[in-house]
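Novice: Quick one: sequence plus predicted model below, questions after.
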Amino acid sequence: MSSVVPIGIVLLLCYAVFKRVRIFSAFLSGAENALPMLKKLLPCLAGMLSAIAVLRDSGVLEWMTARLSLLLARLGIDARLLPLLLLRPLSGSAAVAVLADLFIQYGPDSPLGLTASVLLGASETLFYALALYFGSVGIKKTRFTVPLALLATLVSVAAGLFFSGLFFE
């Protein structure tokens, strides 16, 4: 399975040679066309990544977890999952880092580790995707996209929690 990408690259290069494409000049042309799009995307991504770093490093996540733990317990949600649930819509890599921390502390096969894995797979990096895709084409008014995407995330998290509770506890 680890050889799929190298084989794909070799096949693509063979096809390009067969079609007599100037491979390096085509690569440079594509990279040159990508630069204006990158210029539009960088401010959106820099702002998003800065906000995530501030949220994570400032202790706000721990503060929110402590404040919401009673409410979450009434809803049947383990408060230790809150940082994952809050970071997942913002950043996939931050959510994976939280997941890795949960694995180290509680184990990947623990009910908490399994539930966290389901929740990571059941949700999406919503705001990152919106910043990337809408920012790349210059869309400023997202209309119903954000509320409906948040609703879909809420439904997927609720379903993930329900089925995790059904199968893992």
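Specialist: Perfect, thanks for sending it.
Novice: drop to CA atoms for contacts and neighbour counts, all remaining ones
Specialist: Will do.
Novice: how about stretch 30-46: buried residues?
Specialist: For stretch 30-46, a neighbour-count test (16 or more other CA atoms under 10 Å) marks 41, 44, 45 as buried.
Novice: what's near enough to touch the second one?
Specialist: Looking back up the chat, that one is residue 44. Residues near residue 44 by CA atoms under 8 Å, 6 or more residues apart in numbering: 131, 132, 135.
Novice: again, only using 7 Å
Specialist: 131, 135 (CA atoms under 7 Å, 6 or more residues apart in numbering).
Novice: separation between it and residue 132?
Specialist: Going from residue 44 to residue 132 by CA to CA, to the nearest Å gives 7 Å.
Novice: What of the last one?
Specialist: Look at residue 45 and residue 132: by CA to CA, they are 7 Å apart.
Novice: what helix or strand does residue 74 sit in?
Specialist: In the assignment (DSSP states H and E), residue 74 maps to helix 60-75.
Novice: Now that helix: buried residues?
Specialist: 61, 62, 65, 69, 72.
Novice: again with stretch 3-13
Specialist: For stretch 3-13, it's none, nothing buried (16+ other CA under 10 Å).
Novice: could you give me the average pLDDT of it?
Specialist: Stretch 3-13 shows a mean pLDDT of 90 in the predicted model.
Novice: do the same with stretch 58-68
Specialist: 84.
Novice: now do stretch 127-145
Specialist: pLDDT averaged over stretch 127-145 gives 82.
Novice: Same check on stretch 78-93?
Specialist: Stretch 78-93 comes out at a mean pLDDT of 86.
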